[in-house]
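*Asks:* got a predicted structure here, sequence first:
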Amino acid sequence: MYKLIKRDGKAKRGEFHTVHGVIQTPVFMNVGTAAAIKGAVSTEDLQQIGTQVELSNTYHLHVRPGDQVVKKMGGLHKFMVWDKPILTDSGGFQVFSLAGLRKIKEEGVYFNSHVDGRKIFMGPEQSMQIQSNLASTIAMAFDECPSSVAEREYVQRSVERTTRWLHRCKEEMARLNSLPDTINQHQMLFGINQGAIYEDIRIEHAQQIRELDLDGYAVGGLAVGESHEEMYRILDAVVPELPVDKPTYLMGVGTPANILEAVDRGVDFFDCVYPSRNGRHGHVYTNHGKLNLFNAKYELDPKPIEEGCQCPACRHYSRAYIRHLLKAKEMLGMRLCVLHNLYFYNHLMEEIRDAIEAGNYKAFKKEKLSGFENNA
């Protein structure tokens, strides 16, 4: 259940109540594709840095170790030792990202595994079954994510199929949640809005899927090649068409600036691999711009990554030491950068929630954006 606490313009401050706890929104979900954050980050670390929701990938966990293995181990929460909410994506994005390895049909998608080449079939029912075996808090509907530069006619057909798939997902999830051996019988379902960069297709699709009274609604198929301006234009058109009393989730987005802009347009949920991926390459976020710790100017720098930051890296270590670790290819350097970046994102969301509650989000956003444009 979603409770809207405060609105500041279009920005929403809410609470999303789940069987695994209450999510304070807006929220950034930390991405653990294969049930772990890349960079040697444990679930104990996630607790320490203020993570509210962990996100895992249905397709990848189906391939390895297998969703039946996870079910036999008691579900994803027990398997990875995490007691807070987990969102699993549906495998739909892999329909987009593994374009060379798949064939799309009305019944679903035929894949070749990116690991060993074995044939895999996944349709709406299979995606729901896998996610039910994983026993995540929130399951995502199975969809196709068309390229942002796809032809209009293709996008229209794709979206119509995604709508048909959503009906099948809802029906199958209701069946699975009623079974006695289902681990999480309160699993929630979010539908996904698609339509590439065609506003009218997006709006029509949003109007159709909102009638299904789902637990939440995502905007998918953005941040896949279109400009930031095009993304914001689509959000301006689509978000007002989605229920204000349900969470709105912008999938795979993004930079701190993207998040600030999307919150201002009414988005509640975010996820992105940027903080962990960039951290593994020595790129760290601060309130004064992004730093590349491989740069020689940090060789003798005794300061933390960011003054005043309370993350595990900044409380104890200098830029010079972390740079040394990165240069020496010590895993600790990568780990400290990932922890800092995830803490930065989680803390940014706390600040966003506070600003909305205080009714000064526009000023807060302007100040933050000006800081991000600087170079520390």
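*Replies:* The structure has been received and is ready for your questions.
*Asks:* how far does stretch 312-328 sit from its chain's centre?
*Replies:* 28 Å (C-alpha atoms, centre = their mean, to the nearest Å).
*Asks:* typo on my end, stretch 182-200
*Replies:* 13 Å.
*Asks:* now that stretch: average pLDDT?
*Replies:* Mean pLDDT, stretch 182-200: 98.
*Asks:* which pLDDT value goes with the closest residue to residue 301 other than its chain neighbours?
*Replies:* Counting by C-beta to C-beta, 6 or more residues apart in numbering, the nearest residue to residue 301 once its immediate chain neighbours are dropped is residue 319, at 4.1 Å. The C-beta positions use only the backbone N, C-alpha and C, and glycine is treated the same way. Listed pLDDT for residue 319 reads 98.
*Asks:* buried sites along the longest helix seen in the chain?
*Replies:* Longest helix in the chain by number of residues, with DSSP state H as the criterion: helix 331-358. By neighbour count on 16 or more other C-beta atoms under 10 Å, the buried set for helix 331-358 is 333-349, 352-353, 355-356.
*Asks:* same thing with stretch 76-92?
*Replies:* 76-77, 79-80, 82, 84-92.
*Asks:* of those, which belong to helices?
*Replies:* Checked against DSSP H, the buried residues of stretch 76-92 include these in helices: 76-77, 79-80, 92.
*Asks:* which helix or strand lies directly C-terminal to the longest helix of the chain?
*Replies:* helix 361-372 (DSSP states H and E).
*Asks:* which residues are contacting that next one?
*Replies:* 8-9, 11, 256-257, 260-261, 263-264, 287-289, 348, 351-352, 355 (C-beta atoms under 8 Å, 6 or more residues apart in numbering).
*Asks:* which of those fall within helices?
*Replies:* 256-257, 260-261, 263, 348, 351-352, 355.
*Asks:* and which of the residues you listed is nearest to residue 49?
*Replies:* residue 348 (12.1 Å; C-beta to C-beta).
*Asks:* I figured the closest one hits residue 26, correct?
*Replies:* No. Look at residue 348 against residue 26 with C-beta atoms under 8 Å: they stay out of range, at 9.6 Å.
*Asks:* run a quick neighbour tally on residue 64.
*Replies:* Residue 64 is flanked by 11 other residues according to other C-beta atoms under 10 Å.
*Asks:* just to check, it is in contact with residue 115?
*Replies:* Yes. Here residue 64 reaches residue 115: they are 6.3 Å apart, a contact under C-beta under 8 Å.
*Asks:* who are the contact partners of the residue nearest to residue 271 when sequence neighbours are not counted?
*Replies:* Residue nearest to residue 271 in three dimensions, not counting chain neighbours: residue 29, with 4.1 Å by C-beta to C-beta, 6+ apart. For residue 29, the contact set (C-beta under 8 Å, 6+ apart) comprises 52-55, 87, 269-271.
*Asks:* need phi/psi at residue 29.
*Replies:* Geometry field for residue 29 lists phi and psi as phi -90, psi 130, criterion degrees, to the nearest 10.
*Asks:* from residue 136, how far off is it?
*Replies:* Residue 29 sits 11 Å away from residue 136, going by C-beta to C-beta, to the nearest Å.
*Asks:* which neighbours do those two share?
*Replies:* With C-beta under 8 Å, 6+ apart, residue 29 and residue 136 have common neighbours residue 87.
*Asks:* so for stretch 324-331, mean pLDDT?
*Replies:* pLDDT averaged over stretch 324-331 gives 98.
*Asks:* what do you get for stretch 7-21?
*Replies:* 98.
*Asks:* got the end-to-end distance for that stretch?
*Replies:* 23 Å (C-alpha to C-alpha, to the nearest Å).
*Asks:* counting neighbours, which bits of that stretch end up buried?
*Replies:* Buried, per 16+ other C-beta under 10 Å, within stretch 7-21: 8, 10-14, 16, 18, 20.
*Asks:* repeat for stretch 148-155
*Replies:* Buried, per 16+ other C-beta under 10 Å, within stretch 148-155: 148, 155.
*Asks:* and what of stretch 316-327?
*Replies:* For stretch 316-327, using 16+ other C-beta under 10 Å, the buried residues are 317-319, 321-323, 325-326.
*Asks:* CA atoms only for that stretch - export them in PDB, please.
*Replies:* Provided in PDB are the C-alpha atoms of stretch 316-327 (Å, rounded to 0.1, in the frame of the first residue of the first chain):
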ATOM      1  CA  HIS A 316      38.600   6.300   7.600                       C
ATOM      2  CA  TYR A 317      40.600   6.600   4.400                       C
ATOM      3  CA  SER A 318      42.300   9.300   2.300                       C
ATOM      4  CA  ARG A 319      42.000   9.900  -1.400                       C
ATOM      5  CA  ALA A 320      45.700   9.100  -1.700                       C
ATOM      6  CA  TYR A 321      45.300   5.700   0.000                       C
ATOM      7  CA  ILE A 322      42.300   4.700  -2.100                       C
ATOM      8  CA  ARG A 323      44.100   5.800  -5.300                       C
ATOM      9  CA  HIS A 324      47.000   3.600  -4.300                       C
ATOM     10  CA  LEU A 325      44.700   0.600  -3.800                       C
ATOM     11  CA  LEU A 326      43.100   1.200  -7.200                       C
ATOM     12  CA  LYS A 327      46.500   1.600  -8.900                       C
END
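*Asks:* shift numbering so it begins at 830
*Replies:* New numbering, starting at 830: the last item is stretch 1145-1156.
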